[in-house]
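Chemist: Sequence plus predicted model, see below.
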Amino acid sequence: MFENLSEKLNSTFKKLTGRGRLSEANIQDSLKEVRLALLEADVNYKVVKNLIEDIRERTLGQEVLDSLTPGQQVIKIVNQELTRLMGNDIQSLQLSGKTPHSLMLVGLQGSGKTTTAAKLANFLRKQGRHPYLVPADIYRPAAVDQLKKLGARIDVPVFPTDLVRKPVDICLEALSKAGRDGSDVLIIDTAGRLQIDETLMAELVGIKEKINPNEILLVADAMTGQEAVNVAKHFNLALDITGVILSKMEGDARGGAALSIKAVTDKPIKFIGVGEKIDALEPFYPDRMASQILGMGDMLSLIEKAQDKFDEKEAMKLEKKLRKSKFDLEDFQTQLNQVKKLGSLDQLLNMLPGMGQLKKLNNMEPDEKKLVRIDAIINSMTKEERRGYKIINGSRKRRIARGSGTTVQDVNRLIKDFTQTKKMMERFTKEGSLNPMNYLS
């Protein structure tokens, strides 16, 4: 999402770090470029004005002008101010007191509210909670059916909504049923509209007054930029929301919503949606987002993804095979499938420090289709070929290529990549640095 902003900020900071000393004129010129980059990223004008003023006050102080590394000090200050702008600390859900707790999801139609409800249920279930989904959008039968299907997929109960009843009555009965059935978190998917209207707000206010939810979370589409900020302002005025979930953060929007919402509404971003899959919902870390914007990567999020997705037993088994030089194409395929669980290659690369700039400089874009081709090629091999690639001669390569819908050159490239990976992994194993769990403990 922040590629263009990151590129422009990095270009500006590169000029600063290349200087031994900084003058007020150097800093003023750089701040003009930062201001323009933020405005082009669709950040709210008033937010940009205040942010630049805060950065200016600090960068023109003695901590920068008298520093031995003034350029680095400026970057540090910008990083700190961006983090502060987005809320400084992670904001957890308020789930204390008597159960069942209730979370009320609000937002415009098309913001991804129904899918987000299921993602949130999945997130809470993994934390040991017992969520209960409530379809309260009686005006869109498709939304009710969608939530039932999503609930069945993640094994979370869904209230059997009767479309002829009023939403407030549905929510009250669901709250009572959740308590009887042992569910401890009610997630209410409320109705949306294509635009804000008084009827919608009156309905939502009615539900709030009767249910008294622990949280009122606005689901806002990050792709809509400043419009998402305007929507947040209106919902906050009517409902006094407790937080925001930004959906579709994996898209190519300019990022202004993420940088503006907290400053405009004084309500924190609590989660971000980073993909279409049911597990593509993450807590929002302002400091990590600021680091990613400045091209510093997000290694902590990458490590947490690995902790969640990688199988420690599989990792240990792999390490033993490598020590005995028995790593084969079946193991190679297993490892690639583990990597695919972490998310798109583009997202993973952006979490690595400096990788965004490297991608731009080398015109390098990750090829997701390559993983699909590799999978198809290995699946077209016999068990003997997967376990002993050296028997794969010319005729076998032609058969494998036909079976996988690829070319002999693709098969050759896979075998070459595999042998290089095998050598590298065996070398790391001898050095004791292979097992990723070593870094995750």
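Modeler: Noted; the coordinates are in hand.
Chemist: low-scoring pLDDT stretches of the stretch 301-441 of the chain, where are they?
Modeler: For the stretch 301-441 of the chain, residues meeting the criterion pLDDT under 70 lie at 301-325, 338-368, 425-441.
Chemist: actually the stretch 51-200 of the chain, sorry about that
Modeler: 62-69.
Chemist: Let me see the ranges of the strands in it.
Modeler: Ranges of strands within the stretch 51-200 of the chain are 101-106, 131-135, 185-189, based on DSSP state E, counting those that start in this stretch.
Chemist: Tabulate those strands in TSV, adding columns for distance to Arg399 and mean neighbour count.
Modeler: For the C-beta atoms, the positions are set from N, CA and C on the backbone; glycine is no exception. Listed next are those as TSV, based on distance: least, C-beta to C-beta, whole Å; neighbours: other C-beta atoms under 10 Å:
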stretch	distance to Arg399	mean neighbour count
strand 101-106	53	24
strand 131-135	49	28
strand 185-189	51	28
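Chemist: a markdown table please, covering those and showing distance to Thr199.
Modeler: What follows is those, written out as a markdown table (distance: least, C-beta to C-beta, whole Å):
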| stretch | distance to Thr199 |
| --- | --- |
| strand 101-106 | 14 |
| strand 131-135 | 19 |
| strand 185-189 | 18 |
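Chemist: Which among those strands is found nearest to Lys383?
Modeler: With C-beta to C-beta, the closest approach to Lys383 among these belongs to strand 131-135: 42.5 Å.
Chemist: what's the angle between the closest one and strand 101-106?
Modeler: With axes from the mean of the first three to the mean of the last three C-alpha atoms, to 10 degrees defining the directions, strand 131-135 sits at 40 degrees from strand 101-106.
Chemist: For Gln91, see how far away Leu218 is.
Modeler: To Gln91, Leu218 is 13 Å away according to C-beta to C-beta, to the nearest Å.
Chemist: Mind listing the shared neighbours of those two?
Modeler: Residues touching both Leu218 and Gln91 (C-beta atoms under 8 Å, 6 or more residues apart in numbering) are Gly243.
Chemist: any idea of the pLDDT on the one residue sitting closest to the centre of the chain?
Modeler: Taking C-alpha atoms, centre = their mean as the criterion, Val274 is the residue nearest the geometric centre of the chain, at 3.5 Å. We have a pLDDT of 86 for Val274.
Chemist: wait, it sits on Pro283?
Modeler: No: using C-beta atoms under 8 Å, Val274 is not in contact with Pro283, being 11.1 Å away.
Chemist: quick one, domains of the protein?
Modeler: If you go by automatic domain parsing, the domain ranges for the chain are 3-85, 101-296, 302-440.
Chemist: If anything else comes up later, I'll come back, but that's it for now.
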